[in-house]
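Novice: After the sequence you'll find the predicted model.
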Amino acid sequence: MSVRHPTRRQVLAGLTGALGIASTQAPKVFATEIGTKRSLAAIAAEKGIKFGASFAVHELNGPRGHDYVQMYLRDARLLTSELGFKLATLRPTADKIDFYDADRLIEFAEKHAMQVRGHTLIWNDALPDWIKQASAADCRELLQSHIETVVTRYSNRVAYWDVVNEPIGPWDNNPGNLRGGPFYAAFGEGYIKRAFDVARRFAPAAMLVLNEAQTETHDDNGATFRDSLLGLLKRLKSEGAPIDAVASKAISGSAHRTTSRPLRASCQRLPIWDMRSTSPNSTSTTPALAARSPNVTPRSLHSTNPISPRS
């Protein structure tokens, strides 16, 4: 059976969808459809998009817990963990690992036939104090053991892993504009590839994601983040890092002007890689940064910001 290679237009269309870029028609859709009987999940599905949102487990016990649940059941088909998979939650102390919130998220998702995006395995921010004070040797051991422990526990129950979150931080003045922190101090830039290598070993079927913010603003800050992220991605792929997708999240309520146009322009500068291969020279038969497995759609409009019912 012959394989149909996508056109450049199709590749870029798939790429922007994989990055979570809303089309210029999105405001019209939200303005006309919210408040009707049609759910956001149904509206998105008509356009080949799987819609989801960040899920805060602690809201289940809040005064509006029932409303919170009903909103997700109506409008979401994907759940991103808000705090449950972050190191500060999972490992509050060096001798304790707490899966309570993560387990509740997984159980809720499975009960309602939703997919899960685990956010995040490794981040140089939002860490407990004991990790900030750990030695480089301890951080190297932690990166390996933490990813193995978490990914193995939820084997085949998490469709997507944000393996590394927000690696760019120009304010730290590191080469490549990389964010500093314990894992960067322990490995240098190599912590990113190392994290993806370990995650791939223990989650061979999951989509492995590099997640970044501040790429969406139409200003010098956005340009710096986009250029730095693209440079990092090219280096990682040349080293054979098993990255399946790049996620670009927009922060709602930003004072900066946001638009998908700079991201679309940046996408045109990407080589057309087959993200399922570790070779940077392989010919792509699927949209770059698209899904690796049949149960994950290449186009996912997925908010990483929590949505809470208003009182």
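Specialist: Yep, it's here. Numbers count the residues shown, from 1 in each chain.
Novice: all contacts plus neighbour counts: C-alpha atoms, from now on.
Specialist: Will do.
Novice: State the distance from Val246 to Leu236.
Specialist: According to Cα to Cα, to the nearest Å, Val246 stands 12 Å off from Leu236.
Novice: Just list the residues touching the nearest residue to Pro92 once chain neighbours are set aside, thanks.
Specialist: Nearest residue to Pro92, sequence neighbours excluded (Cα to Cα, 6 or more residues apart in numbering): Pro128, at 5.9 Å. Counting by Cα atoms under 8 Å, 6 or more residues apart in numbering, Pro128 makes contact with Leu87, Ala88, Arg91, Pro92, Thr93.
Novice: what about Pro128, distance to Leu143?
Specialist: 14 Å.
Novice: What of Leu60?
Specialist: When distance is defined by Cα to Cα, Leu60 is 31 Å away from Leu143.
Novice: And Ile243, by the same measure?
Specialist: Note on Ile243: its distance to Leu143, by Cα to Cα, is 17 Å.
Novice: Comparing those two, which shows the higher neighbour count?
Specialist: Ile243 (24 against 18; other Cα atoms under 10 Å).
Novice: Identify the residue nearest the more buried one in space, chain neighbours excluded?
Specialist: Leaving out its chain neighbours, the residue that sits closest to Ile243 by Cα to Cα, 6+ apart is Leu208, at 5.6 Å.
Novice: So what are the sheet partners of the host helix or strand of the one you found and their directions?
Specialist: Here Leu208 sits within strand 207-213, counting by DSSP states H and E. Here strand 207-213 has these sheet partners by DSSP bridges: strand 160-165 (parallel), strand 245-249 (parallel).
Novice: what does the average pLDDT come to for the next helix or strand after the longest one?
Specialist: Taking DSSP H and E as the definition, the helix or strand that follows strand 160-165 towards the C-terminus is helix 182-187. In this model, helix 182-187 has a mean pLDDT of 98.
Novice: Quick one: neighbours of the residue nearest to His112 when sequence neighbours are not counted, just the number.
Specialist: Spatial nearest neighbour of His112, chain neighbours left out: Leu73 (7.5 Å); criterion: Cα to Cα, 6+ apart. Using other Cα under 10 Å, Leu73 has 16 neighbouring residues.
Novice: Mind listing what's buried along the helix or strand containing Leu73?
Specialist: Assessed by DSSP H and E, Leu73 sits inside helix 65-75. Buried residues in helix 65-75, counted by 16 or more other Cα atoms under 10 Å: Gly65, Asp67, Tyr68, Val69, Tyr72, Leu73, Asp75.
Novice: And the residues you listed, which two are furthest apart?
Specialist: Pairwise distances among the buried residues of helix 65-75 were taken by Cα to Cα; the largest, 15.6 Å, belongs to Gly65 and Asp75.
Novice: Tell me which other helices or strands the helix or strand where Thr152 lies touches.
Specialist: Using DSSP H and E, Thr152 sits in helix 136-153. Based on contacts counted as 3 or more Cα pairs under 8 Å, 6 or more residues apart in numbering; DSSP states H and E, the elements that helix 136-153 packs against are strand 115-122, helix 182-187, helix 190-202.
Novice: one more time with 7 Å
Specialist: In terms of contacts (3 or more Cα pairs under 7 Å, 6 or more residues apart in numbering; DSSP states H and E), helix 136-153 is packed against helix 182-187, helix 190-202.
Novice: buried sites along the longest one?
Specialist: Of the residues in helix 190-202, those buried by neighbour count under the rule 16+ other Cα under 10 Å are Tyr191, Ile192, Lys193, Arg194, Ala195, Phe196, Asp197, Val198, Ala199, Arg200, Phe202.
Novice: give me every residue that touches the last one.
Specialist: The neighbours of Phe202, taking Cα atoms under 7 Å, 6 or more residues apart in numbering as the test, are Glu148, Val151, Thr152.
Novice: export stretch 209-222 as CSV, just CAs?
Specialist: Presented in CSV, the C-alpha positions along stretch 209-222 are these (Å, rounded to 0.1, in the frame of the first residue of the first chain):
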residue,chain,number,x,y,z
VAL,A,209,5.9,16.5,24.8
LEU,A,210,8.2,19.5,25.2
ASN,A,211,6.1,22.2,26.7
GLU,A,212,6.8,26.0,26.5
ALA,A,213,5.1,29.3,27.3
GLN,A,214,5.4,32.9,26.1
THR,A,215,5.9,32.0,22.5
GLU,A,216,2.5,33.5,21.5
THR,A,217,3.1,37.2,22.2
HIS,A,218,3.6,39.6,19.3
ASP,A,219,6.5,41.4,20.8
ASP,A,220,10.3,41.1,21.4
ASN,A,221,9.7,38.7,24.3
GLY,A,222,7.7,36.3,22.2
